[in-house]
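Peer 1: Provided below are the primary sequence and the corresponding predicted coordinates.
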Amino acid sequence: MPETNIGEATILTLDQQTGNIIHEWGSDIFVMPHGLEVDHQDHIWVTDVALHQVFKFTAEGELLLKLGEERVAGDDSTHFNLPTDVAVAKDGSFYVSDGYGNSRVVKFSKEGEFLLQWGELGNQDGQFVIPHGIDLDGEGNVYVADRENNRIQKFTADGVHLKTWQNETTNQLYSLVVDQSAKRVYGIDYYIINDSTVLGSDIFELDLELNKLHQFGRSGSYNGPITRYHDIAVDTKGNLYTGDILGNTIQKFEKK
C-alpha cells in the first residue's frame, strides 16, 4: 500500500462532449482513491482504500465530511477496512460498501451517524466476497456488485435481501450503476483465462428485477481496445461511462 499522498490533482471534471478537463483538484489529499460518487446535490464522494476513509466534498473541492480513522482499519461503526464505494439516497443518507477488508454494507444518516450494517464473508444471500460497487434505485433499494461472487445482489433500504443475479460468463462482476429514470441496472465484468489470457470486459443491462436484457462489449460488435472496466457511471441522457484500468482511459457509450 502506498505511504505518501498523491501530489497531483486526482478529481477531474471533464467536458462530456470533448473530454477536455474543465476543473481539477484533490492534490495531497488521497493515497489510493477508489470509489467516486456524485450525489443529487452535486457533492462528490470518494473512498480511499489506503486511508480507510470516506470523504464528501463540494463540487469545488471543499471538504464537508470525513468518516473513518486515517490509516486505521476496523469493523465497528466508526472504522472501515478498505472501503470501495458510496451510494447516496435522495434524503442524504448514504451507504458504503466496505469492501476489500470487511464484507459488509454500512448505512449512515446524512450527518454521518451510523444507522445499520449488514453482510458477512460468504456466498449465500446477504453475504459478500468483496462488495466492490453500490448504487440505489428510485425507490431506495440497494444494489451491490459482489465482485468475487460474480453477482449483483438487491436489498431493501434496511438490508433485507430481495434478489440476486448471477453472472454465468466470467468470474468477476466489478461494479454497477442504476439509471433511475430508465429503471435499468448496468453491470461490468472482466474476463481473463488462467490469469494470463485477457479477453476484456462486458457491460450487462438488466431491469430492476435483475432480469438480463442485453450484453455488449467483448461479446458484441465492440471493436475498441481490450479493456478492464473498474467502474461505471450513467448521465441524465442514459449515456454510459466506464473507467478502464488497462488503458487508463474513460470510455463513453451513447444511448441509441
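Peer 2: That came through, no problem.
Peer 1: in this protein, where is pLDDT below threshold?
Peer 2: Residue ranges of the chain with pLDDT under 70: 220-221.
Peer 1: go again using 80 as the cut-off
Peer 2: When residues are selected by pLDDT under 80, those of the chain lie in 192-198, 219-224.
Peer 1: next one: residue 94 relative to residue 47, how far apart?
Peer 2: According to CB to CB, to the nearest Å, residue 94 and residue 47 sit 11 Å apart. The way it works is simple: take the backbone N, C-alpha and C, and place the C-beta from them, glycine included.
Peer 1: ditto for residue 76
Peer 2: Applying CB to CB to residue 76 and residue 47 gives a distance of 17 Å.
Peer 1: settle it for me: which of the two has more neighbours?
Peer 2: Neighbour tally, residue 76 and residue 47, criterion other CB atoms under 10 Å: the higher count belongs to residue 47, 28 against 9.
Peer 1: and that one, what does it touch?
Peer 2: 33-35, 53-55, 80, 83-86, 96, 99 (CB atoms under 8 Å, 6 or more residues apart in numbering).
Peer 1: leaving out the residues flanking it, which one is nearest to it?
Peer 2: residue 35 (3.9 Å; CB to CB, 6 or more residues apart in numbering).
Peer 1: go ahead and confirm the one you found touches residue 87.
Peer 2: No - the criterion here is CB atoms under 8 Å, and residue 35 misses it with residue 87 at 9.3 Å.
Peer 1: next, show the common contact partners of those two.
Peer 2: Contacts common to residue 35 and residue 87, judged by CB under 8 Å, 6+ apart, are residue 97.
Peer 1: how about the residue positioned nearest the centre of the chain, nearest residue that isn't a chain neighbour?
Peer 2: For the chain, the residue nearest the mean C-alpha position is residue 133 (3.3 Å; CA atoms, centre = their mean). Among residues not flanking residue 133 along the chain, residue 175 sits closest, at 3.2 Å (CB to CB, 6+ apart).
Peer 1: show me what contacts the one you found?
Peer 2: 85, 132, 133, 145, 187, 188, 229, 230, 231, 232.
Peer 1: for the second one, give its distance to residue 75.
Peer 2: From residue 132 over to residue 75 the distance is 17 Å, taken as CB to CB.
Peer 1: okay, those two: which has more neighbours?
Peer 2: Neighbour count, other CB under 10 Å: between residue 132 and residue 75, residue 132 has more, with 25 against 14.
Peer 1: is the more buried one in contact with residue 174, as I believe?
Peer 2: Yes - contact criterion CB under 8 Å: residue 132 and residue 174 qualify, at 5.9 Å.
Peer 1: who touches both of the two?
Peer 2: 145, 147.
Peer 1: on that earlier part again, and the residue nearest to residue 47, how far is that from residue 183?
Peer 2: Taking CB to CB, one finds residue 35 at 23 Å from residue 183.
Peer 1: same question, residue 138
Peer 2: Counting by CB to CB - residue 138 and residue 183 are separated by 7 Å.
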